[in-house]
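no FASTA, just this:
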């Protein structure tokens, strides 16, 4: 619904009003102003208004379209009863919604157009239901209904920026909106790694065995910025061999900013490894690639590799490694070092030798290490990358780590699989991760069964050199049949 301002009074009508006695003129002007307002009050508010009021109560809000031949959703039968649910489903509403509150254990709320369930203000509502503008919300139980009613009494600010765009999306097509509470429930202890995605929305589209999405996300609530650019999603590219997760980005701060927000982590980083306020910006702005490799044999289910494009000035990183070496020795680990020396890497120009450090426990079990590697296809002019590993020893061949970023300078672009430029690219094999017990249990079943998921994130050009971008445009796909 759009609100249009009345047209200016014509000269003849204005002259006629001026000739009328003052009380009559006042009455006429009052009618001209009040009649449109009376019409607005009689006209029901749109679904968008109802969805706006649900925004503060919903941690996860999803819209669904209907099509002929689709089976009756189980949630409809649970909330409405089988007979009434079947009757209403046959009328095929264009869109319907479900949402979860901050406490997901309460169950999902069913949201339907009021014209479908109770077309008149006096129409009876289902049990545990309330009318909300042009919507009817059916709660999972009386306690959940009471909680929602209490939340709706609180005065709410009007959604703006990202929130406003997400509400409009939910009223137009199949889509999903989330906030930090939902992300925390689904990711559990991994949620701090997704601080840049704390709230957002995605429009969804099914194509064969794939689910395609586009949207936006932010790490800051209440942003009024314009929508960020959406990355181009190229052809899908499967992860190779034992790699079950790969994440690469323009700057490491996009991944670790949530972790660094905790004093419990910042304090040992500063005291034990010398990564204090002066050194952390160096870490945050470095392009990176992180990989998780399945290990069929040995003491570890998987090994973690972090490759950093440290740039031509390797001196600060050698200092960090020296402090890390001391901390690991203090913990009783033993080092085996091979290759060139760290002093050779401090000299300007190309590296001629690539030192390797492997760390193991007293029983001989290797628990990780680091090495300097050359990008794939590297020559004498290539700048080494620093490869850190947890679990098995780092790969001996620099080519096995792949190209972490397409340039060593901080803030350089990362070419995503498929060729599009993105600030963040995530690819994972959820079914393989679930088999290893490495996937959060609370993720939706559709995600857990997927053979591969790909997610691209792109920030506005003005935000790319900061330690974190306020908003990311998102695109991605979920594959079921690969």
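That came through fine. Given the structure is predicted, the values throughout are model-derived calculations rather than measurements. Numbering: from 1, shown residues only.

domains of the protein?
In terms of domains, the chain is parsed into 47-158, 203-479 (source: automatic domain parsing).

weakest of these in terms of mean pLDDT?
In terms of average pLDDT, domain 203-479 trails the rest of the domains of the chain, at a mean of 80.

pipe the domains of the chain into CSV and attach mean neighbour count and distance to residue 178 per row.
The way it works is simple: take the backbone N, C-alpha and C, and place the C-beta from them, glycine included. Supplementary listing: those in CSV, determined by neighbours: other Cβ atoms under 10 Å; distance: least, Cβ to Cβ, whole Å:
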stretch, mean neighbour count, distance to residue 178
domain 47-158, 16, 5
domain 203-479, 17, 9
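
can you pull out the helices in the stretch 1-150 of the chain?
11-19, 22-42, 47-54, 74-80, 82-89, 114-117, 142-152 (DSSP state H, counting those that start in this stretch).

returning to that earlier point: now for the domains of the chain, which one comes closest to residue 176?
Residue 176 lies closest, by Cβ to Cβ, to one member of the domains of the chain: domain 47-158, at 4.5 Å.

so who does the spatially most central residue of the chain touch?
Relative to the mean C-alpha position of the chain, the nearest C-alpha, by Cα atoms, centre = their mean, is the one of residue 197, at 3.4 Å. For residue 197, the contacting residues are 183, 217, 219, 457, 472, 474, taking Cβ atoms under 8 Å, 6 or more residues apart in numbering as the criterion.

at 6 Å what do you get?
When contacts are counted by Cβ atoms under 6 Å, 6 or more residues apart in numbering, residue 197 is found next to residue 217.

picking that back up, any chance of the domains of the chain in CSV, plus distance to residue 164?
What follows is the domains of the chain, written out as CSV (distance: least, Cβ to Cβ, whole Å):
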stretch, distance to residue 164
domain 47-158, 8
domain 203-479, 9
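
now residue 213: closest residue in space, sequence neighbours ignored.
What sits nearest to residue 213 in space, not counting adjacent residues and going by Cβ to Cβ, 6 or more residues apart in numbering, is residue 202, at 4.1 Å.

and residue 359, that one's in a helix?
No: checked against DSSP: H, G, I helix; E, B strand; the rest coil, residue 359 lies outside a helix; its state is strand.

surely it and residue 369 touch.
Yes: look at residue 359 against residue 369 with Cβ atoms under 6 Å: they come within range, at 5.2 Å.

now the helices for the stretch 151-300 of the chain?
Taking DSSP H, counting those that start in this stretch as the criterion, the stretch 151-300 of the chain carries its helices at 162-170, 180-187, 253-260, 263-273, 280-284.

what about the strands in the stretch 101-250 of the chain?
Across the stretch 101-250 of the chain, reading from the start of the chain, the strands by DSSP state E, counting those that start in this stretch fall at 109-113, 129-132, 135-138, 175-178, 199-207, 210-218, 243-249.

from residue 191, how far out is the residue nearest to the centre of the chain?
According to Cβ to Cβ, to the nearest Å, residue 197 stands 10 Å off from residue 191.

what does residue 152 give?
In this structure, residue 152 and residue 191 are 27 Å apart, going by Cβ to Cβ.

before we move on, what about residue 368?
Distance, residue 368 to residue 191, by Cβ to Cβ: 24 Å.

for residue 229, same thing?
If you go by Cβ to Cβ, the gap between residue 229 and residue 191 works out to 26 Å.
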